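Asks: quick one: sequence and predicted model below, then my questions.
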Amino acid sequence: MIPEVSTTGLTPPRLEWRVATVARVHDETPRARTLVLDVPGWPGHRAGQHVDVRLVADDGYQAQRSYSIASAPESTSVALTVERLSDGEVSPYLCDALGVGDGVEIRGPIGGYFVWEVAQGGPLFLVAGGSGIVPLMAMLRHHAAALASVRAGIPVRLLYSARTVDDVIYREELAALAAMPEVRVSLALTRDAPRDWAGFRRRIDRAMLEEVGWPATEMPNAFVCGPTPLVESVATQLVELGHDPSRVRTERFGPTG
Amino acid sequence: MTETPFIARGFHRRREQARPARLPPGQYETRDFPVLSAGPTPRISLADWTFTIMGVDGESTRWSWDELHALPRETPKVDIHCVTKWSKFDTTWEGVSVDTLLDAARANGFRDAPFVMAFSDGGYTTNLPLADVTGGKAWVVFGYDGAPLPAEHGGPARLLVPHLYFWKSAKWVRGLRLMPDDRPGFWEQLGYHDRGDPWREQRYQGDP
């Protein structure tokens, strides 16, 4: 029941590799770093899209990975938030070796289904696990950049699960977004929670989706992103709760090395 | 690639690939079996399941679950390559060659056509040249690694076209529609390549 996708019938130009320059870095958590990139000729993106990153060594060896874009389409730079995998090949380089002023090759934007634009309307139900928050953050930032009168017609609920409070990416910004009247943020900690933790202390389950999500009768646009077991169970439960499968869009990833 | 790549300062290979000749450009080997799909996993009862080949003149040939299983089976052992960069070696499947299905359709008077559109439960589609699903290169598979194919990996049955990027191996496949002209499927309309040869790194529209 994936809806028909409109197509212009035009062959798009090739996605070229571009050398981006690191403008800023920001450590989001002990394991996740945001790279803010200046990309010459960047054609713009939609919230939810990703880029390919290519690293070429001086002996010709190359590695490529895909990373979701965290920044809003309204941003002039492209922000990627990368989770560091200690046994990985690309993520340790991006998180530890790359510094401000360094260049890195990217091409994109890529992907046109797991995307949300203000024009698609709401309500929005965003469900994230771990670094699956990254493309959903682009949607939240896009929402926040809209006129207040537009935002008022698009209420958003985010349900985000992380292992511990220190693993919550964008924690301060999420708290600031939650102060807006049309944005509600619910956090679920799965491993360890502070004594005074007011959020959930368990994995996302059906009762939680019913409690903090929209009822199916509200016809929300749902976006679910995270590790495969989370996405499988949440998407299945949303359908069981009566949501139209064509309104449940998923992106599954484990962290990639 | 014709362009000169930018050398990433201080970047070096950290993983020794045991079989680099089997890795297409830009890919890395994984031992896991990652799952990627655009929406919820469809569930369908096997009593209602059919596989259909639709001809260019509107005719169709259809198999029930049991009828498909009565056809000669093959157990391909192949390498698979996902456009999200992972490759997995020596995966074993069980299913029916697409040649077998197309031969039956031809016996029913179907005209050949140069392209097919695979279609799936959930509305997914992907386009392929006929030449890429004939000649022993493609299967409709219902078994993986000696067991029934799990739903999250495309069960009850998926297409298997291992020499192309894995989005061409449509999960939850329900049939093939023969087409006189190439038309883009789901991901192809969203910017992915119409053919998707991993050895030529045909990831996105416009790639050579």
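Replies: Great, that's in hand.

Asks: ok, residues contacting the longest strand seen in chain A?
Replies: Counting by DSSP state E, the longest strand found in chain A is strand A:18-29. With contact meaning Cβ atoms under 8 Å, 6 or more residues apart in numbering or on different chains, strand A:18-29 is reached by A:33-42, A:77-78, A:81, A:98-107, A:166-170, B:6. Using the backbone N, CA and C atoms, a C-beta is placed for each residue, glycine as well.

Asks: residues near A:Asn221, how many?
Replies: Around A:Asn221 there are 20 other residues, counting by other Cβ atoms under 10 Å in any protein chain shown.

Asks: tell me the confidence at it?
Replies: A:Asn221 carries a pLDDT value of 97.

Asks: chain B: strands as residue ranges?
Replies: B:28-29, B:50-54, B:60-64, B:77-81, B:86-97, B:115-120, B:125-129, B:139-144, B:147-148, B:158-160, B:173-179.

Asks: can you redo those strands as TSV with distance to chain A?
Replies: What follows is these, written out as TSV (distance: least, Cβ to the nearest Cβ, whole Å):
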stretch	distance to chain A
strand B:28-29	7
strand B:50-54	18
strand B:60-64	21
strand B:77-81	12
strand B:86-97	8
strand B:115-120	9
strand B:125-129	9
strand B:139-144	16
strand B:147-148	17
strand B:158-160	16
strand B:173-179	13
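
Asks: among these, which is nearest B:Gly206?
Replies: B:Gly206 lies closest to strand B:125-129 among those, at 16.3 Å (Cβ to Cβ).

Asks: contacts only, for the residue most central in space within chain B.
Replies: Nearest to the mean C-alpha position of chain B, counting by Cα atoms, centre = their mean, stands B:Ser169 at 1.4 Å. Residues near B:Ser169 by Cβ under 8 Å, 6+ apart: B:80, B:154, B:158-162.

Asks: change it to 10 Å
Replies: By Cβ atoms under 10 Å, 6 or more residues apart in numbering or on different chains, B:Ser169 lies in contact with B:80, B:82, B:93, B:118, B:126, B:128, B:138-139, B:141, B:154, B:158-162.

Asks: re earlier: for PyMOL, what selects the buried ones among the contacts of strand A:18-29?
Replies: Paste this into PyMOL to select the buried members of those, with burial taken from 16 or more other Cβ atoms under 10 Å in any protein chain shown:
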select buried, (chain A and resi 33+34+35+36+37+39+42+78+81+98+103+104+105+106+107+167+168+169+170) or (chain B and resi 6)
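
Asks: now intersect the contacts of strand A:18-29 with the strands, please.
Replies: Reading strands off these with DSSP E, I get A:33-38, A:78, A:81, A:103-107.

Asks: in a markdown table: these, plus distance to chain B and pLDDT.
Replies: Formatted as a markdown table, the ones in strands among the contacts of strand A:18-29 follow (distance: Cβ to the nearest Cβ, whole Å; pLDDT from 0 to 100):
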| residue | distance to chain B | pLDDT |
| --- | --- | --- |
| A:Arg33 | 16 | 98 |
| A:Thr34 | 19 | 98 |
| A:Leu35 | 13 | 98 |
| A:Val36 | 18 | 98 |
| A:Leu37 | 13 | 98 |
| A:Asp38 | 15 | 98 |
| A:Val78 | 16 | 98 |
| A:Thr81 | 17 | 97 |
| A:Gly103 | 6 | 97 |
| A:Val104 | 7 | 97 |
| A:Glu105 | 5 | 97 |
| A:Ile106 | 10 | 97 |
| A:Arg107 | 8 | 96 |
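
Asks: that'll do, ta.
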